[in-house]
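Undergrad: generate a structure from the sequence data that follows.
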Amino acid sequence: MIYKTYSSCLLLEDGKICQGWSFSSSFISSGEVVFNTGMTGYQEVMTDPSYLGQVILFTYPEIGNTGINNEDIESSKIHIKGIIAKNICLMPSNCRSDITLVNYLIDQEIPHVFGIDTRFLAKYLREKGVMIGCISSNMINSDQFMQKLEQFTRLQNLNLASKVTTENVYSWSSNLLIKFQYPSKDRLQQMINNLHVVVVDFGVKFNILNRLSYYGCDVTVVPYDISYKQIMIYKPNGILLSNGPGDPALIGSSLEMIRNLVDSNIPLFGICLGHQLLSLALGASTFKLKFGHRGLNHPSGIYSKAKITSQNHGFVVSLNTFPMNLIDVISWNFNDNTIAGIVHISKPCLSVQYHPEASPGPHDSDYLFKHFIKVMHVFRNRI
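TA: Numbers count the residues shown, from 1 in each chain. Okay, the predicted model is just below:
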């Protein structure tokens, strides 16, 4: 199939302009321009709520090689503001592909620019720091850019979890992983006694819910602004604080609920934003990274033991305000020595900055779900 291309451009807030092409003739979109170094996972990235409000720069030379399928989405809608790529594959080859990436971009009206040297641009952002940018099918003037810049700045000052959380409580069940994986001995054993996990939705990915379901848990998803008393109505064996977008310091309304959960001795597991919120609730603070961690090959661990992890965040927990009397660091990001995982000294609370569910990425840390389940079994009759 022959696609018509249109001249397009990227304009960064420092005035830098990059010209490229797109398959859409009319669009303009602004967002925080961040880079992702993964070789795969473009579909998961576009549907991950954690990327709300961001324009994703893919550093891999070509994306779209495996097409798009209906099973690997991470939420029910697109959350990104656009994508930037070096090249987009026109003829994917994968038995699971339902549609080409090009057709997906056109059908979903996703702003996009390709033909840009993305590795050069990634180095530029690494040196200068992530910044707001605007991608457009036409050259834009300074007035248009400033208007888009002001709109996005207002968005950045909002609690973004409120934009992606569920409005209603729902139960999750999925046999998707069973379709592609044989049940392990661990999974068969864990299915004997179902555990009830309440997932607090700050922007949860479907695959986090899939992993819990795969290991035999009954999963209930609740809004992020739920109270401690409302959570206890569901009689959970464990609580999972999900991933999500934005600055954790702007979600202060959830901290009291988290503190009450910690005091209740219900096993608690935080992932990404959930990790940051647990740390804030325990007295730590967070800060924004210069260019964030977004990729599939981040080494994380402690001492000489490392796991290769999937990461996607722009904020981390500050070591300077770390409450050493309450929590221990169990994992560091070996690229920049930032905190990647913590455990409470006296409570059944664990959290990690990375994504053990992967999707996309390595499965080195999937054991954390098994560990969480074992802890729930231990505390099942103690609460």
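Undergrad: assign K229 to helix, strand or coil.
TA: Three-state secondary structure (criterion: DSSP: H, G, I helix; E, B strand; the rest coil) places K229 in helix.
Undergrad: could you check how far it is from N260?
TA: 9 Å (CB to CB, to the nearest Å). For glycine as for every other residue, the C-beta is placed from the backbone atoms N, C-alpha and C.
Undergrad: and for G246?
TA: Distance from G246 to N260, by CB to CB: 23 Å.
Undergrad: and these two? Which one has more around it.
TA: A count of neighbours by other CB atoms under 10 Å puts G246 above the other of G246 and N260, at 25 against 16.
Undergrad: neighbours around the closest residue to the more buried one other than its chain neighbours, how many?
TA: Leaving aside its chain neighbours, G246 sits nearest to L160 (3.2 Å; criterion: CB to CB, 6 or more residues apart in numbering). Around L160 there are 24 other residues, counting by other CB under 10 Å.
Undergrad: same check, this time on S24
TA: Using other CB under 10 Å, the number of residues around S24 comes to 17.
Undergrad: so the residue nearest to the spatial centre of the chain, which of the three states?
TA: When CA atoms, centre = their mean is applied to the chain, the residue found nearest the centroid is S50 (4.1 Å). Following three-state DSSP, we place S50 in the helix state.
Undergrad: repeat for the one 5 residues further on
TA: Of the three states, V55 takes strand according to three-state DSSP.
Undergrad: from G53, how far out is V113?
TA: For V113, the distance to G53 equals 17 Å [CB to CB].
Undergrad: just checking, which helix or strand succeeds the biggest helix by length in the chain along the chain?
TA: The longest helix of the chain (DSSP state H) is helix 142-156. Per DSSP states H and E, the first helix or strand lying C-terminal to helix 142-156 is helix 161-164.
Undergrad: can you name the next helix or strand after that following helix?
TA: Using DSSP H and E, the helix or strand that follows helix 161-164 in sequence is strand 170-172.
Undergrad: pairing partners for that next one, with directions?
TA: strand 218-223 (antiparallel) (DSSP bridges).
Undergrad: name the residues that touch the partner strand?
TA: The contact list for strand 218-223 (CB atoms under 8 Å, 6 or more residues apart in numbering) reads 165-173, 194-201, 204, 209, 212-213, 230-231, 234, 236.
Undergrad: just the buried ones out of those residues, please.
TA: Among the contacts of strand 218-223, those buried by neighbour count (16 or more other CB atoms under 10 Å) are 165, 172, 195, 197-201, 204, 209, 212-213, 231, 236.
Undergrad: nearest to S97, of those residues?
TA: Closest to S97 out of the buried ones among the contacts of strand 218-223 is L209 (23.9 Å), distances taken as CB to CB.
Undergrad: show me what contacts that closest one?
TA: W172, S174, V199, V219, V221.
Undergrad: try 10 Å this time
TA: Listed by CB atoms under 10 Å, 6 or more residues apart in numbering, the contact set of L209 reads 74, 172-174, 197, 199, 201, 217, 219, 221, 240, 242, 357.
Undergrad: just give me the closest of those residues to P323.
TA: For those, the nearest to P323 is L240 (22.0 Å; CB to CB).
Undergrad: the host helix or strand of that closest one: partners in the sheet, and parallel or antiparallel?
TA: Element membership for L240, per DSSP H and E: strand 238-241. Paired strands of strand 238-241, with direction, are strand 196-201 (parallel), strand 268-271 (parallel) (DSSP bridges).
Undergrad: starting at the chain centroid, how far to that strand?
TA: Distance, stretch centre to chain centre, for strand 238-241: 17 Å (CA atoms, centre = their mean, to the nearest Å).
Undergrad: which element follows it toward the C-terminus?
TA: Downstream of strand 238-241 (by DSSP H and E), the next one is helix 255-263.
Undergrad: which residues touch T47?
TA: By CB under 10 Å, 6+ apart, the neighbours of T47 are 68, 72-80, 108, 205-206.
Undergrad: pLDDT at it, what is it?
TA: On the pLDDT scale, T47 is placed at 98.
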